[in-house]
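Participant: everything below, folded, please.
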Amino acid sequence: AVDVLLAHHEALRLRFDRDATGAWRQRFVPAEQLVGPHLVESRADADGLARIVAAAHRSLDLEAGRILRAELIELADGSQRLLLVIHHLAVDGVSWRILLEDLADAYRQARQGASPALPERTSSVQQWAAALTERAQDSAALAWWEAELSREVASLPADRQVPPSLNGDAATLETRLDRALTARLIAAPGAYRMRVDELLLAALARTLCDWA
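Facilitator: Reported below is the predicted structural model:
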């Protein structure tokens, strides 16, 4: 199942190298060039799980091409844990859900004696990178951002205008929402199609604008 995951998701086959100028370049390794198996097995004593997990994280090495570590860990009580460690350049919070679903599907199909087959890919990382490059060449968008950056923006009022500001000068203000307001906030995303953190940031922005 892990091998199927690697073959299906090209981002898990990314490699990063430095060129002659010291700049990083990324490339893909074709699935047929991967050397397996990619799942290692280990045993953990009562206190050994944390040590194995930490070692797996340390094993990632961009220049050596190690951006994924899959480890099947047998615990002292006979139970097992599957550990997947992937570099953040190849995975994010949304991608994790897709990868775990595909891994579970491939595992279930293999257990049933079938050849694992995952759903068709959507847009590839290569297509996404090409789209970003094209957008970066958009002269209209570039002009808009340059105009935004050149706009005069007033600074927030400060008790002391002369720098530097020090950590020792900072103050913390804490507030809490009551039960009724919390219930309204939790229900708001359904009405406004916004996340709770977006609503809170909007409230902060309005407060700053009213104040300054």
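
Participant: gap between the most centrally placed residue in the chain and Asp178?
Facilitator: Residue closest to the average C-alpha location in the chain (C-alpha atoms, centre = their mean): Asp92, at 2.1 Å. Asp92 sits at a distance of 35 Å from Asp178 (criterion: C-beta to C-beta, to the nearest Å). In this view, the C-beta of every residue, glycine as well, is placed from N, C-alpha and C.

Participant: same thing with Ala114?
Facilitator: As for Ala114, its distance to Asp178 is 55 Å (criterion: C-beta to C-beta).

Participant: and those two? Which one has more around it.
Facilitator: Between Ala114 and Asp178, counted using other C-beta atoms under 10 Å, Ala114 has the larger neighbour count: 10 against 7.

Participant: tell me the SS of that one?
Facilitator: When classified by DSSP: H, G, I helix; E, B strand; the rest coil, Ala114 comes out as coil.

Participant: the one 4 residues further on now?
Facilitator: Remark: Leu118 carries the secondary structure label coil [criterion: three-state DSSP].

Participant: burial measure for it, as a count.
Facilitator: For Leu118, using other C-beta under 10 Å, the count is 17.

Participant: hang on, isn't it packed against Val4?
Facilitator: Yes: using C-beta atoms under 8 Å as the test, Leu118 is close enough to Val4 to be in contact (6.7 Å).

Participant: contacting residues around Ala31?
Facilitator: Leu6, Ala7, Arg13 (C-beta atoms under 8 Å, 6 or more residues apart in numbering).

Participant: same thing with Ser95?
Facilitator: Ser95 is in contact with Ala11, counting by C-beta under 8 Å, 6+ apart.

Participant: starting at the chain centroid, how far to the one helix or strand it maps to?
Facilitator: Assessed by DSSP states H and E, Ser95 sits inside helix 93-111. Relative to the mean C-alpha coordinate of its chain, helix 93-111 is positioned 17 Å out (C-alpha atoms, centre = their mean, to the nearest Å).

Participant: quick check: mean pLDDT across that helix?
Facilitator: For helix 93-111, the mean pLDDT works out to 94.

Participant: CA atoms only: put it into CSV for me.
Facilitator: Output for helix 93-111, consisting of C-alpha atoms alone and laid out as CSV, is shown next (Å, rounded to 0.1, in the frame of the first residue of the first chain):
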residue,chain,number,x,y,z
GLY,A,93,-2.8,19.4,6.5
VAL,A,94,-5.3,19.0,3.6
SER,A,95,-3.0,16.6,1.7
TRP,A,96,-2.7,14.3,4.8
ARG,A,97,-6.4,13.5,4.6
ILE,A,98,-6.1,12.5,0.9
LEU,A,99,-3.0,10.4,1.5
LEU,A,100,-4.4,8.5,4.5
GLU,A,101,-7.6,7.8,2.6
ASP,A,102,-5.7,6.5,-0.4
LEU,A,103,-3.4,4.4,1.8
ALA,A,104,-6.4,2.8,3.5
ASP,A,105,-8.0,2.1,0.2
ALA,A,106,-4.9,0.5,-1.2
TYR,A,107,-4.4,-1.6,2.0
ARG,A,108,-8.0,-2.8,1.9
GLN,A,109,-7.8,-3.8,-1.7
ALA,A,110,-4.5,-5.7,-1.2
ARG,A,111,-6.0,-7.5,1.8
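
Participant: now it: buried residues?
Facilitator: Judged by neighbour count using 16 or more other C-beta atoms under 10 Å, the buried positions of helix 93-111 are Leu99, Asp102, Leu103, Asp105, Ala106, Tyr107, Gln109.
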